[in-house]
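Asker: What follows is a predicted structure for the sequence shown.
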Amino acid sequence: MILDLLRHGETELGGGFRGSLDDALTEAGWAQMQAAVVGVGPWDRLVSSPLQRCARFAERLAEQSGLPLALEPGLQELHFGDWEGRTALELMADHEQALGLFWNDPYGFTPPGGEPVEAFSVRVLDALARLQAAYAGERVLLVTHGGVMRLLLARARGLPREQLLQVQVGHGALHRLRVDADIRLNEVF
C-alpha cells in the first residue's frame, strides 16, 4: 500500500498540545491542506482521523474527487492529558522539568493524565495494520495529526525512540510511505 500522510492545517485555537481537543481549521489551515494536495495523487480512497481538523477537509476532498472515505479512530492524535490546550511556553512556567523529560524521552515519560506513547504507538500501528489488510495494493491518502506522522516517519527512518519528537512535521505537511504486508514502512521520495 502507498500511504500519503497529510497533517491537518492550522487550527482556530492555535498551537500547543492539541491532542484530543476537537478544534476547527482556520482559513489558513484549509489553504495549507489544499495547497499540499495540488498535483498529488491519484488516490484510491481517503482515510481520516475523526477529529474535525482532519475529517472536515477529508470529507470535502472525498466529495470533490468522488473517492470513498473512512474515519479511523485509531489514527487520532496522542492524548496529552493535563497538558491539552497548553503550549510548551506555558508549561515551561510550571512544568519545566516534566516537559524536558517528555521531550528527551517521550516513551519514558507520560504527561500527567495523558496517554503513554507506547500505548499510542500500539494503537496507531494496529490501525495501520487494519488499513494495510483492507487496502493492500492501493494508494491511500491519510489525513491525520503530527504525532501520528512523527511516529510513522520515525519508524520508516529507523530512528531510535528517543528521537521521535525530533521528526519535523509542519501544518499541511505531506509525506509518502510504502507499507508492506508485515507493516514495514519505507519513506518514498
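Answerer: Received it, and whenever you're ready, just let me know what you need. Numbers count the residues shown, from 1 in each chain.
Asker: what comes into contact with stretch 170-181?
Answerer: 1-10, 29, 32-33, 35-37, 40, 128, 131-132, 136, 149, 152-153, 156, 169, 185-189 (Cβ atoms under 8 Å, 6 or more residues apart in numbering). The way it works is simple: take the backbone N, C-alpha and C, and place the C-beta from them, glycine included.
Asker: Those in strands, which ones?
Answerer: Residues of these located in strands (DSSP state E): 2, 3, 4, 5, 6, 7, 185, 186, 187, 188.
Asker: how about those, which pair is most distant?
Answerer: With distances taken as Cβ to Cβ, the most widely separated pair in these is 7 and 186, at 19.4 Å.
Asker: So if I had to pick from these two, which one is more boxed in?
Answerer: Set residue 7 next to residue 186 and count neighbours by other Cβ atoms under 10 Å: residue 7 wins out with 25 against 12.
Asker: pLDDT score assigned to the residue lying closest to that one once chain neighbours are set aside?
Answerer: Leaving aside its chain neighbours, residue 7 sits nearest to residue 173 (4.7 Å; criterion: Cβ to Cβ, 6 or more residues apart in numbering). With respect to pLDDT, residue 173 has a value of 98.
Asker: For the residue most central in space within the chain, give its distance to residue 97.
Answerer: Nearest residue to the geometric centre of the chain (Cα atoms, centre = their mean): residue 145, 2.5 Å. Residue 145 sits 26 Å away from residue 97 when distances are taken as Cβ to Cβ, to the nearest Å.
Asker: Can you tell me which of the ones in strands among the contacts of stretch 170-181 is nearest residue 122?
Answerer: Taking the ones in strands among the contacts of stretch 170-181 together and measuring to residue 122 by Cβ to Cβ, the closest member is residue 185, at 15.3 Å.
Asker: How many neighbouring residues does the closest one have?
Answerer: Using other Cβ under 10 Å: residue 185 sits among 19 other residues.
Asker: likewise the one 3 residues further on?
Answerer: When counting by other Cβ under 10 Å, one arrives at 11 neighbours for residue 188.
Asker: Tell me the secondary structure of the nearest residue to it once chain neighbours are set aside, please.
Answerer: Residue nearest to residue 188 in three dimensions, not counting chain neighbours: residue 176, with 4.2 Å by Cβ to Cβ, 6+ apart. When states are read from DSSP: H, G, I helix; E, B strand; the rest coil, the local structure at residue 176 comes out as strand.
Asker: Could you shift the numbering so residue one becomes 46, and keep it that way?
Answerer: Happy to do that; since the first residue is 46 now, the last one works out to residue 221.
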